[in-house]
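A.B. asks: Return a 3D structure for these sequence lines:
(chains A and B)
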Protein chains: 2
Amino acid sequence: MKFKLLLAGSLVAVGAMALLASNINEKEKQRVELAKAPSEAGIAGKEKSEEWAKYYPRQFDSWKKTKEYDSFTDMLAKDPALVIAWSGYAFSKDYNSPRGHYYALQDNVNSLRTGAPVDAKTGPLPTACWTCKSPDVPRLIEEDGELEYFTGKWAKYGSQIVNVIGCANCHDDKTAELKVRVPHLNRGLQAAGLKTFEESTHQDKRTLVCAQCHVEYYFKKTEWKDAKGADKTAMVVTLPWANGVGKDGNAGVEGMIKYYDEINFSDWTHNISKTPMLKAQHPGFEFWKSGIHGQKGVSCADCHMPYTQEGSVKYSDHQVKENPLDSMDQSCMNCHRESESKLRGIVHQKYERKEFLNKVAFDNIGKAHLETGKAIEAGASDEELKEVRKLIRHGQFKADMAIAAHGNYFHAPEETLRLLAAGSDDAQKARLLLVKILAKHGVMDYIAPDFDTKDKAQKLAKVDIAALAAEKMKFKQTLEQEWKKEAKAKGRANPELYKDVDTINDGKSSWNKK
Amino acid sequence: MKFKLLLAGSLVAVGAMALLASNINEKEKQRVELAKAPSEAGIAGKEKSEEWAKYYPRQFDSWKKTKEYDSFTDMLAKDPALVIAWSGYAFSKDYNSPRGHYYALQDNVNSLRTGAPVDAKTGPLPTACWTCKSPDVPRLIEEDGELEYFTGKWAKYGSQIVNVIGCANCHDDKTAELKVRVPHLNRGLQAAGLKTFEESTHQDKRTLVCAQCHVEYYFKKTEWKDAKGADKTAMVVTLPWANGVGKDGNAGVEGMIKYYDEINFSDWTHNISKTPMLKAQHPGFEFWKSGIHGQKGVSCADCHMPYTQEGSVKYSDHQVKENPLDSMDQSCMNCHRESESKLRGIVHQKYERKEFLNKVAFDNIGKAHLETGKAIEAGASDEELKEVRKLIRHGQFKADMAIAAHGNYFHAPEETLRLLAAGSDDAQKARLLLVKILAKHGVMDYIAPDFDTKDKAQKLAKVDIAALAAEKMKFKQTLEQEWKKEAKAKGRANPELYKDVDTINDGKSSWNKK
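C.D. replies: You can find the predicted model right below:
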């Protein structure tokens, strides 16, 4: 009997040890597979993120989950005053809150802002508008040269730029190290007196890879001659950081205004107030750097790509959290010790304060434009309106920069409120001058028309949404299909990966209501 | 030889143990002395903080060190627009940043705001203006009754209120426990739906003792009959908190405006714009409660009266740190882990943002008052100016509340910026209406006169600083000396303790330049 017990016991022990051994081997296999960096030759077709999947299955799986962020807010419907603020410019046609990176490229193609080109040469926008949407961009910059890439109309590369923001935008395909392949970032960093990407620490690089795109930029008109000596004009993405950015809690907005004024740059001329205007793009980096997290060295990736654990493997979650509040355990709780609901409540207070001043500021800005329009109608001269236009130009840029990156109210709540207030005050100062100018031209009691709905505002901004939607749909049924056909034929992208990226007919569109 | 070594060794040991014993006894003596709470009878003459020194020598010594905070900023010289904002009210005469508690009483007596009474019955201010300056106040409330205390002119109690803010303001003299003896705080807390002082935790009490004074209040006119049936009118310190205070990051300012409008209350009528105005007092509590430290349960005392160690005794430092940045090791570093200079830099950024919007807001407010004055001059009716005055009344209170407590920019930086911006926008909206009203009355190009120096501003506000200073000096040489003589005769205060509290002739005065 004692023998039988002994036998049973040792069998159990042997079984347990076998299980343990297989588990160790399994982990070892995983470790080897993981450590097996791509060979010296790198990853063929590295623009296709699925080619990286073999080496980084977890990062690739989480990257695909950016697809889950599929909803958006029609910002022009939410804040109709923005239509008036951007009247005469593409943003008055169509402007939505961002979706997950998975949709970035298709949303760019679907946006009424990129218009309805009929061939590679028709506008309205330049090639630069692809710059932040795809790893095909650094490829084309390396293949065609930066100036050639930035020359020509957006439609020129429709069939070439077909893979959405992915691994090759931020990683070296030979070593997987963080890497930036678009030249404009280093130029901007140097102009601002900051370290270049290569000179930066790994922790700073976990922010700077995002700063390739989440920054304010403009297209710098650059005359150049190609290899055959032909004269060409490039519209080069350039960061206006020469007067400093994010220093001592200041995002650098006033410095950018000075920069733009000195080079007499404007993005467009407002079609109501005829003001030379500046459009703020998404200054996530500038505001992050001036806020408390930035000053404490917390990188974008710490919260938006937090470390996560699967089995024994710890890796950076590539879902790129749209709102880290949705993953507080991974993003916030590494440092913060209060309850998630309390922390969420505190962040919501910041949002409400921004919304409060956002409404005040853009209501004043919208009225300033319309009242200037009325003054022109009443005969006011450009000379009379010079100071008014300067105040509107500066005031709107301050307010726009404060809201153009949707996370600013969190990354730098105080700088956001300060700039909204400063922008609002500039607009009110313009309006004070306008009352006098209008009175001088016999207009005593002009009250700007309402713009409290998207419809009313777009009518005032002369945006013919129906026509724009129709021509866009036509473009989608013609030129876009040609692009897709060519891209498929050339194997530039994996259709399977993007089979349901275009939600235009799923009710998820700001203009296609069918 | 062995014996000698043994003897020497044991002598050393005995010596060491004797030393140890004496040290233990010393600590025991300290512990007993400290634990020896005042007897059941309490502390005779408890208004005199020196009477507590026997029991609490360390707290008393540190309380005396509030004397070290002896410098101040003449706020009207720093921000002359404040003179215009408060034109027609005492604050346009004299308003300085606060000094240590040690000077609170004498500064109240020396301020041009309390004027130059010639006897117990002359104004200009009511008895309520003593309320936050002395433990003699709760004594008088208990002796005379609250309504009697709040009846009559400031000068009524000149010889009675002679001990500066001290132990009896916040502690029970029998148990040393935190205690509040002025009824207005609990009434305010209950109106706001908050726990009374007695219902609160010890940690909350370490804030609420400060909230006896560091709050917004007004004097509520209260008709009453005394014991003999005589009709009297009391001006009772009352907290306008019925619409909530510090909830979800909102200090409650808009709720207070609603409260004041509903009871049709105003502190004074502006002597330029004839607007029924509200003066914000020092809402430290309301803004602390809406800020991050308040929401995280950090009390006033945690930073302003931090625990400090002397020998083996740990006690709360009663120097009441004017600026905890001067004692960061005690105040901030218990929770914050970054470098002191970095933390100081971050706080300074908050100050600069507040100063930026403070200038914008009060510049607009000052101009709104002057432009309304011009409109009145040009014949504008009260009816025409109704909306203008409402905007000025509301706008100025928002901006004033944001700056009236000097620490708001730190306690609640975002709420401070939001309210400065909202106040500024109200003023600009008033000015927009005013341009049209002025134009209607034939005034096309009115530019408000400069008020960029205290001198210019006080001239516009019709403040005759020389006359005020002369009458004040006369009061100091006459009635104040009578008060001091009577107080000394009655042994109400210890002259030695206050021998150099009056710095009026040491160059430390905002009006006595000799």
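A.B. asks: Just give me the longest helix of chain A.
C.D. replies: helix A:340-377 (DSSP state H).
A.B. asks: right, and the helix or strand after that one?
C.D. replies: helix A:386-404 (DSSP states H and E).
A.B. asks: Run the angle between that next one and helix A:340-377 for me.
C.D. replies: Relative orientation of helix A:386-404 versus helix A:340-377 (axes from the mean of the first three to the mean of the last three CA atoms, to 10 degrees): 160 degrees.
A.B. asks: centre of the chain versus the following helix or strand past helix A:386-404, how much separation?
C.D. replies: Beyond helix A:386-404 in the direction of the C-terminus, DSSP H and E gives the next helix or strand as helix A:408-411. The chain centroid and the centroid of helix A:408-411 are separated by 15 Å under CA atoms, centre = their mean, to the nearest Å.
A.B. asks: picking that back up, touching chain B at all, the longest helix of chain A?
C.D. replies: Yes - using CB under 8 Å from any CB of the partner chain, helix A:340-377 reaches chain B at A:342, A:345, A:346, A:349, A:350, A:352, A:353, A:356, A:357, A:360, A:364. Quick note: C-beta positions are derived from backbone N, CA and C, even for glycine.
A.B. asks: How about the contacts made by the fifth one?
C.D. replies: With contacts defined as CB atoms under 8 Å, 6 or more residues apart in numbering or on different chains, the neighbours of residue A:350 are A:409, A:410, A:413, B:249, B:414.
A.B. asks: in the stretch 151-300 of chain A, what residue is nearest chain B?
C.D. replies: Proximity of the stretch 151-300 of chain A to chain B (CB to the nearest CB) peaks at residue A:249, 3.2 Å away.
A.B. asks: what's the spacing between that residue and residue B:356?
C.D. replies: Residue A:249 sits 11 Å away from residue B:356, going by CB to CB, to the nearest Å.
A.B. asks: Looking at these two, which has the bigger crowd around it?
C.D. replies: Legend: neighbour count by other CB atoms under 10 Å in any protein chain shown for residue A:249 and residue B:356, higher for residue A:249 (22 against 16).
A.B. asks: What parts of chain A come near chain B?
C.D. replies: For chain A, the residues in contact with chain B (CB under 8 Å from any CB) are A:248-250, A:292, A:295-296, A:338, A:342, A:345-346, A:349-350, A:352-353, A:356-357, A:360, A:364, A:413-415, A:417-418, A:420-422, A:424-425, A:428-429, A:431-432, A:435-436, A:439-440, A:444-445.
A.B. asks: make it 6 Å
C.D. replies: A:248-249, A:349, A:353, A:357, A:360, A:413-414, A:417-418, A:421, A:424-425, A:428, A:431-432, A:435-436, A:439 (CB under 6 Å from any CB of the partner chain).
A.B. asks: Now for the nearest residue to residue A:375 once chain neighbours are set aside, how many residues are close by?
C.D. replies: Nearest residue to residue A:375, sequence neighbours excluded (CB to CB, 6 or more residues apart in numbering or on different chains): residue A:437, at 5.0 Å. When neighbours are defined as other CB under 10 Å, residue A:437 has 22 of them.
A.B. asks: For residue A:340, which residues are in contact?
C.D. replies: residue A:328 (CB atoms under 6 Å, 6 or more residues apart in numbering or on different chains).
A.B. asks: hang on, the earlier thing: among the residues of helix A:340-377 next to chain B, the buried ones, what's the ChimeraX command?
C.D. replies: Filtering the residues of helix A:340-377 next to chain B down to the buried ones (16 or more other CB atoms under 10 Å in any protein chain shown) takes a single ChimeraX command:
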select /A:346,349,350,353,356,357,360,364
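A.B. asks: Could you dump the residues of helix A:340-377 next to chain B into CSV with pLDDT added?
C.D. replies: Listed next are the residues of helix A:340-377 next to chain B as CSV, based on pLDDT from 0 to 100:
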residue, pLDDT
A:342, 93
A:345, 96
A:346, 96
A:349, 97
A:350, 98
A:352, 97
A:353, 98
A:356, 98
A:357, 98
A:360, 98
A:364, 98
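A.B. asks: Just give me the closest of the residues of helix A:340-377 next to chain B to residue A:331.
C.D. replies: Distance to residue A:331 across the residues of helix A:340-377 next to chain B (CB to CB) is lowest for residue A:346, with 14.7 Å.
A.B. asks: for that closest one, what are its contacts?
C.D. replies: With contacts defined as CB under 6 Å, 6+ apart, residue A:346 has no neighbours.
A.B. asks: If we use 7 Å, what do you get?
C.D. replies: B:292, B:295 (CB atoms under 7 Å, 6 or more residues apart in numbering or on different chains).
A.B. asks: dump the residue contacts of residue A:251.
C.D. replies: So residue A:251 contacts A:245, A:283, A:286, A:287, A:290, A:401, A:412, A:415 (CB under 7 Å, 6+ apart).
A.B. asks: Extract the C-alpha set from the strand or helix carrying the fourth one and format it as CSV.
C.D. replies: If I follow you right, that is residue A:287. Following DSSP H and E, one finds residue A:287 within helix A:284-290. The C-alpha coordinates for helix A:284-290 follow below in CSV (Å, rounded to 0.1, in the frame of the first residue of the first chain):
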residue,chain,number,x,y,z
GLY,A,284,-1.0,69.0,-28.9
PHE,A,285,2.8,69.1,-28.4
GLU,A,286,3.1,72.9,-27.7
PHE,A,287,0.3,72.8,-25.1
TRP,A,288,1.5,69.4,-23.6
LYS,A,289,5.0,71.0,-23.2
SER,A,290,3.6,74.1,-21.3
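A.B. asks: Run through who's touching it.
C.D. replies: Here helix A:284-290 makes contact (CB under 7 Å, 6+ apart) with A:210-211, A:214-216, A:245-246, A:249-252, A:294, A:300, A:405, A:407-408, A:411-412, A:415-416.
A.B. asks: For the next helix or strand after that helix, give the mean pLDDT please.
C.D. replies: Downstream of helix A:284-290, the first helix or strand assigned by DSSP H and E is helix A:292-295. Averaged across helix A:292-295, the pLDDT comes to 96.
A.B. asks: Repeat that for stretch A:78-93.
C.D. replies: 98.
A.B. asks: and if you look at stretch A:245-252?
C.D. replies: 93.
A.B. asks: Equivalent analysis for stretch A:148-164, please.
C.D. replies: 97.
A.B. asks: Start and end of it, how far apart?
C.D. replies: Start and end residues of stretch A:148-164 are separated by 21 Å (CA to CA, to the nearest Å).
A.B. asks: same thing with stretch A:157-164?
C.D. replies: One end of stretch A:157-164 sits 14 Å from the other (CA to CA).
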